[in-house]
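**Q** just to be clear, the model below is a prediction. Sequence and coordinates:
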Amino acid sequence: MEAEMNWKDLAEEVTAVGAAGDSAERITGIEYDSRRVRPGSVFVAMKGGSTDGNRYVEKAIASGALGIITDSAPKFDHLLVFQPGLPVLEVEHGRRALAQASAAFFGHPERTLAATGITGTNGKTTTAFLTEALLNAAARKTVLVGTIESHVVGEVRTSVHTTPESRDLFELMAEGAGRGATELVTEVSSHALDQGRAAGVHFDVAVFTNLTRDHLDYHGTMDNYFAAKRLLFDGTAYPAPRVAVINSLDPRARQLSAAALNAGAEVRTYGIDSGDWRAVNCKLTPGGAVLDLETPAGAAQITSRLAGEVNILNLLAAFTAAHARGVAFDQLVTAIPQLKPVPGRFQPVDAGQPFTVIVDYAHTDDALINLTHLARQMTAKTAGRVITLFGCGGDRDRTKRPKMGQAAGKGSDYVVATSDNPRSEDPRAILAEVEPGLKSTGVQYIIEPDRAGAIRLALEAAKPGDVVLLAGKGHEKEQVLADRTIHFDDTETSLSVLHDLGYGRA
């Protein structure tokens, strides 16, 4: 719900170091993208990682901006030639100001929604979906914000970023609050934490899934990467959570737990045969897992439809987080058998073929290790092979490419290396950096830059009892090339190939 406010009302809620001008006109919107500015909008001009919104102030004014909030006022020669009396607020931190202005304009939905934030290299999306499902099972209305999609009290929206800018997040929250939502569940990326995109949301519960090699093109080192994740817990850049839920099996768990405790959070650790909230006697089945749950709140044997050890950890994280949000232990136990796999996360593709085809988002060496390990467990009874198709994204951390090749090679019997989202890079050049890792394992492999052709090769190679893993893109519906973005869906493409091979047709 948008608040009725003018410039004076807004200025009272934004931390500013300088101000000029005033307006009694009603504010009609808060925007950080000058292309979305309409008459009555307030334009927040802020420095970003790839661009600087301050370059578009004049465009925003020409589009009818009622006022400007800027983090670069001293650099503006053209501030002196602004329209006389145009309201301007000068701030130190543009993204913090964007959050403050957005929270005020959208009626402070953060005061209505209790927030659960989930960060980590792998498992964020599955954990977020499961947490939302467990809250829904307890009749809580939710807003979910994540990589695959966003939900506003059950209505599905497409997602552009794992963690949107605060203005867009507050709009979703306000819409959800207006529909009776009381819970926010959101993935929180390291980029978002580092850039301040999560400003303005006080996370009641914060979840840490793990930390493995990724995003070093942005963070530079693993220590910097971890430091960004830690911001959600240590109370330095954001308010400390009331409860921190931490994967006890991660090497950084002890360090992160200490930081959270020092910031005043209650810490709950989870893990398989480890942690305060733990799964023991785990038995993996073709359709999921059976395990004993041991927690400070109670114990129970549960059956899950989510396959693999990784999903046991995701389930434990979600269970612990939902309980921290006040859902009763018995309610959670009752809900678990109904939980469904998440799209693009170990998603089966079935056209009646005598081998298993799985689409998964695994796009790091650690995720590939986990994925191939799970596939190997599945083939233990069939004596089948593990066939893995994967690629590495362009314009991203190049150091992980041979590591991913090595991970795929060690865990598979046959590998098809292909293109992922090459972006501005030549797919063949990316694959040339992947290949040394593959070679080092001695695995049989083939390189096919065309992803559709590579999927065909992988499926044509499959025999009864095999498991074919199509890794890297998961839920994605597009492939980003140097000169264009095309529609591409691994699930859709594999079904088409399976039909061509004679499966699934009447």
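**A** On my side now, so go ahead. Numbers count the residues shown, from 1 in each chain.
**Q** for His499, see how far away Thr131 is.
**A** 36 Å (CB to CB, to the nearest Å). For every residue, glycine as well, the C-beta is placed using N, CA and C.
**Q** higher neighbour count, the two?
**A** Neighbours per residue (other CB atoms under 10 Å) separate Thr131 from His499, with Thr131 holding more: 31 against 12.
**Q** please name the nearest non-neighbouring residue to that one.
**A** Of all residues not flanking Thr131 in the chain, Ala318 sits nearest, at 4.3 Å (CB to CB, 6 or more residues apart in numbering).
**Q** and the helix or strand where the one you found lies, what's buried?
**A** Secondary structure from DSSP states H and E places Ala318 in helix 309-324. The neighbour-count check on helix 309-324 (16 or more other CB atoms under 10 Å) flags 309-324 as buried.
**Q** again with stretch 101-113
**A** For stretch 101-113, burial by neighbour count (16+ other CB under 10 Å) applies to 101-110, 112-113.
**Q** ditto for stretch 142-150
**A** In stretch 142-150, counting by 16+ other CB under 10 Å, buried: 142-148, 150.
**Q** before we move on, what about stretch 341-356?
**A** Buried residues in stretch 341-356 (16+ other CB under 10 Å): 341-342, 344-347, 349, 351, 353, 355-356.
**Q** chain center to that stretch, what's the gap?
**A** Remark: stretch 341-356 is offset 22 Å from the chain centroid, using CA atoms, centre = their mean, to the nearest Å.
**Q** which is the succeeding secondary structure element to the lowest-mean-pLDDT helix or strand in the chain?
**A** Scoring the helices and strands of the chain by mean pLDDT, DSSP states H and E places helix 216-219 at the bottom, with a mean of 65. Next along the chain after helix 216-219, taking DSSP H and E as the criterion, comes helix 222-230.
**Q** pLDDT on that next one, on average?
**A** Averaged over helix 222-230, pLDDT sits at 92.
**Q** please apply the same query to stretch 330-339.
**A** On average, stretch 330-339 scores 96.
**Q** could you do stretch 472-492 as well?
**A** Averaging pLDDT along stretch 472-492 yields 93.
**Q** roughly how far does Cys282 sit from Gly288?
**A** Cys282 is 11 Å from Gly288, where distance means CB to CB.
**Q** wait, isn't Arg96 in contact with Gln195?
**A** No. Using CB atoms under 8 Å, Arg96 makes no contact with Gln195, being 10.6 Å away.
**Q** residues contacting Thr379?
**A** Thr379 makes contact with 385-386, 465-467, according to CB atoms under 8 Å, 6 or more residues apart in numbering.
**Q** point out where the stretch 251-400 of the chain drops to low pLDDT.
**A** For the stretch 251-400 of the chain, the stretches flagged by pLDDT under 70 are 286.
**Q** what segments of it are helices?
**A** Ranges of helices in the stretch 251-400 of the chain, per DSSP state H, counting those that start in this stretch, are 253-262, 309-324, 329-335, 365-379, 400-411.
**Q** hmm, back to that, compare neighbour counts for Cys282 and Gly288 and give me the winner.
**A** Neighbour count, other CB under 10 Å: between Cys282 and Gly288, Gly288 has more, with 22 against 15.
**Q** please report how far the more buried one lies from Glu425.
**A** 38 Å.
**Q** circling back to that earlier point, and the contacts of Thr379, which is closest to Ala335?
**A** Val467 (29.1 Å; CB to CB).
**Q** could you give the bridge partners of the closest one?
**A** Thr356, Val386 (DSSP bridges).
**Q** wouldn't it be in contact with Ala380 here?
**A** No. Using CB under 8 Å, Val467 is not in contact with Ala380, being 10.6 Å away.
**Q** okay, those two: which has more neighbours?
**A** Per other CB under 10 Å, whichever of Val467 and Ala380 has more neighbours is Val467, with 25 against 9.
**Q** okay, stretch 180-197 in CSV with CA atoms only?
**A** Output of stretch 180-197 as CSV, limited to C-alpha atoms (Å, rounded to 0.1, in the frame of the first residue of the first chain):
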residue,chain,number,x,y,z
GLY,A,180,-2.7,-10.5,4.6
ALA,A,181,0.8,-11.8,4.4
THR,A,182,2.7,-12.0,7.7
GLU,A,183,6.0,-13.6,6.6
LEU,A,184,8.7,-12.8,4.1
VAL,A,185,11.1,-15.5,3.0
THR,A,186,13.9,-14.3,0.7
GLU,A,187,17.2,-15.5,-0.7
VAL,A,188,19.9,-13.0,0.1
SER,A,189,22.9,-13.1,-2.2
SER,A,190,26.5,-12.1,-1.3
HIS,A,191,26.3,-9.3,-4.0
ALA,A,192,23.1,-7.9,-2.3
LEU,A,193,24.7,-8.0,1.1
ASP,A,194,27.9,-6.3,-0.1
GLN,A,195,26.0,-3.6,-2.0
GLY,A,196,23.5,-2.8,0.6
ARG,A,197,20.5,-4.1,-1.4
